[in-house]
Structures are given as structure tokens and as C-alpha cells.
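Engineer: This is a predicted model, with the sequence first.
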Amino acid sequence: MPGFLRLALVAIGLMVCATAHPASANDDLYSARTIVTGQGEQNRQIGFKACLDAVLVRVSGDQRLPKKPEMAALRDKAGSFVAEFRYRDRMEGIHDEQGTHDRPHDLTCLYKPAVIDPVLASLGSRPWLAERPQLAIFLATERGARHFALTADDERGAPMRESFVNAADPLAMRIAFPKASHLSESRLDDKALHQTDMAALDKAAKQAGADQALAGSIVWSDKELGWIADWRLATGGKTYHWQVRGVSFDEAFRVAMRGAAQVLSGNGQP
């Protein structure tokens, strides 16, 4: 077997890619999606506002933008920034008595860089157009006596993998999960992940075909009535840490991806 093919097969065996959204594809990058009820004008305008927030964060990588005071005026004219929009009935093929009027729809908004980039500039931001690195997710989970490292092929982690993919997609981020065999060979069980420094995890990520590591832990807290999640990512010779407490694991993973995007886009500490 040729050497390059052998290496490719090894990489595929060690890491399973979860998403692939190259940021260089502007048609994909300059878009956003939200869920609305029906296709009426009132809910469409609500959707346009949500999509404006989402596309500004998606293009820039900066999760702080929706909190800026200038956003109130921009949201009032959110529809004027949309180049095209389309609906998808989330209950397509399902018959009910109410028809499509009150059914949930995906509203997808498409934008032009020539429109969105000046909006970002007015907020003191800029587009993040560099190719976004593929992040290998090294995650230790703990709930009571149950604990494990999230992998690509462990059924216990299936809901968390799906949730992570859903958190990465709105930000056009690419993620992958290590196979259990790779973690075993690297001696990276859930306990070791807490203690392994980012240089070693970045090396493990590269060996498995990703660009760098996003490391974290989530621990269930009865006191917090939710998960406590801690995240780490290294870039530019610095390791960034951020945390969220008392949330669902869906929100914990959204915080992870928003934080990673903020760091990697050059927008600083999450």
C-alpha cells in the first residue's frame, strides 16, 4: 500500500469528522438560520432580527456583538440587510388540523459581504475569513459515579456528539471526535484529560488529523441544578480558560464553541 494512502487511512481511523463548513465559502458563511412559527410577516421580522445577531457572530467570531447598544437600532431594520430568505417546514410530510400557519419553520437568511462587512465595521469588528481550524474535542464527563471521555464511537456519548455538532454549525466551525482506540493508545482517559496540558493535547489532535484541540470537562452539580463546564484552548502561545455553571449540556457546548470562535478569530478572552 502506498505510504500516503496508509497515512490517510490511519488518520480516518483515529478521528471522525463531525462537521465541515469551510469559512472560505462566502455563500455559506454569510448566512444564518432560526426557527419561526409559520410564514407570516410578524414572525418573519422576529426571525430576521435573530438571524442578524447570528450572522454577525458567525462572520466575525465575536460573541459579544449582540450585546452592543448599537444593535437595537440595527435590529429595527434587520430585514433590510437580508439578500434572500427561504423557509423549510420542520413538520413537512406530517398532516395536522392547523395546516402550515402555526407550524414551526426553519427560516434561512442569506446575506452579501458588501452589506454585512460595513455593519461589522460600524460595531468595531471585522469578518473572520481565514479557514477555520478543525478542532478535536477532548471532553471528560462526570455525573455521580458515571464518568467517561467523549469519543466518536461510544453510544453513551451519542446525544452529546449531536449537541456539539448543533453548537458548531451556526458558527461555521469544524469539529471532530477521537475514536476510543486513539484515546486508549494515547492514554487519555477521562481522568488523564483533566491533567494533560494543551501542548500534549494539540499534538494528539494533529496526530489524529485535526488542527488543534479544544479540551474541556463537564460535571453535573445538584447544587447548581445543571452542568459545570470548563474549557481550554491554546493559540498564539497562550492558553485560554472559560467556564459556565448550572446549564444544560446543550448550552455548555454552545458556550464552548462561541468561546473557541472568539479566541481563534482574535477577539480575545471569552
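Structural biologist: Cool, the structure landed.
Engineer: Please, which helix or strand holds the residue most central in space within the chain?
Structural biologist: Geometric centre of the chain, nearest residue: Ala168, 1.9 Å, by Cα atoms, centre = their mean. Using DSSP states H and E, Ala168 falls within helix 158-168.
Engineer: partners of whichever helix or strand comes after that helix in the sheet?
Structural biologist: Where DSSP H and E defines the elements, the next helix or strand beyond helix 158-168 is strand 174-178. For strand 174-178, the paired strands and their directions (DSSP bridges) are strand 15-17 (antiparallel), strand 134-143 (parallel).
Engineer: returning to that earlier point: how big is the angle separating the helix holding Ala168 from strand 174-178?
Structural biologist: With axes from the mean of the first three to the mean of the last three Cα atoms, to 10 degrees applied, the angle from helix 158-168 to strand 174-178 works out at 160 degrees.
Engineer: Distance from the chain centre to helix 158-168, please.
Structural biologist: 9 Å (Cα atoms, centre = their mean, to the nearest Å).
Engineer: now do stretch 200-208
Structural biologist: 20 Å.
Engineer: cool, stretch 255-269 as well?
Structural biologist: Distance, stretch centre to chain centre, for stretch 255-269: 10 Å (Cα atoms, centre = their mean).
Engineer: Now do the buried residues in it.
Structural biologist: Val255, Ala256, Met257, Arg258, Gly259, Ala260, Ala261, Gln262, Val263, Leu264, Ser265, Asn267 (16 or more other Cβ atoms under 10 Å). The C-beta positions use only the backbone N, C-alpha and C, and glycine is treated the same way.
Engineer: same question, stretch 75-86
Structural biologist: Within stretch 75-86, the residues scored as buried using 16+ other Cβ under 10 Å are Arg75, Ala78, Gly79, Phe81, Val82, Phe85.
Engineer: isn't Ala208 right up against Ala136?
Structural biologist: Yes - the criterion here is Cβ atoms under 8 Å, and Ala208 meets it with Ala136 at 6.1 Å.
Engineer: who's more crowded, these two?
Structural biologist: It is Ala136, of Ala208 and Ala136, that has more neighbours when counted by other Cβ atoms under 10 Å, with 27 against 23.
Engineer: May I have the predicted confidence score for the more buried one?
Structural biologist: On the pLDDT scale, Ala136 is placed at 97.
Engineer: That one bridge partners, please.
Structural biologist: Counting by DSSP bridges, the residues bridging with Ala136 are Ala176, Ala213.
Engineer: picking that back up, among the buried residues of stretch 75-86, name the ones in strands.
Structural biologist: Under the assignment DSSP state E, these contribute Phe85 to strands.
Engineer: on that earlier part again, buried deepest among the strands paired with strand 174-178, which one?
Structural biologist: Counting by mean count of other Cβ atoms under 10 Å, strand 134-143 has the highest mean neighbour count of the strands paired with strand 174-178, with a mean of 23.
Engineer: helix or strand right after that strand?
Structural biologist: Following strand 134-143 in sequence order, the next helix or strand is strand 146-149 (DSSP H and E).
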